[in-house]
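Asker: whatever this is, show me its structure:
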Amino acid sequence: MACCMLIFVYLTDELSYNKFNAHYNEIYRVNYIKHGDGEFRKSANTPAPGGPAIVQDIPQALAVGRLYSRGAC
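Answerer: Predicted coordinates:
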């Protein structure tokens, strides 16, 4: 019973991500995949020119927000 409750709480949290925003269905996350040394790492951090390039090249993109992580490698 406890496992089912934990799974339910986890799924509820995951499915409610960004639902506080009125236009949550229009929010997208762009991931950056870095590969080298035989391994792939996916990150939400993208190169600095990525934001302006998205707004310039994709007419449907209204705005871009950036994620900065001090501890990122």
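
Asker: where does residue 9 sit: helix, strand or coil?
Answerer: helix (DSSP: H, G, I helix; E, B strand; the rest coil).

Asker: so for it, what's the pLDDT?
Answerer: Looking at residue 9, its pLDDT is 95.

Asker: list the buried ones in the helix or strand in which residue 5 is found?
Answerer: Residue 5 is part of helix 2-15, with elements assigned from DSSP states H and E. Within helix 2-15, no residue counts as buried by 16 or more other CB atoms under 10 Å. For glycine as for every other residue, the C-beta is placed from the backbone atoms N, C-alpha and C.

Asker: so which residues of the protein form helices?
Answerer: Using DSSP state H, the helices of the chain run over 2-15, 50-57.

Asker: gap between residue 65 and residue 5?
Answerer: Counting by CB to CB, to the nearest Å, the gap from residue 65 to residue 5 is 34 Å.

Asker: now residue 29
Answerer: 28 Å.

Asker: tell me which residue lies nearest the centroid of the chain.
Answerer: With distances taken as CA atoms, centre = their mean, the residue of the chain nearest its centroid is residue 29 (3.6 Å).

Asker: pLDDT score for that residue?
Answerer: The model's pLDDT for residue 29 equals 82.

Asker: excluding chain neighbours, give the residue nearest to it in space.
Answerer: residue 44 (6.2 Å; CB to CB, 6 or more residues apart in numbering).
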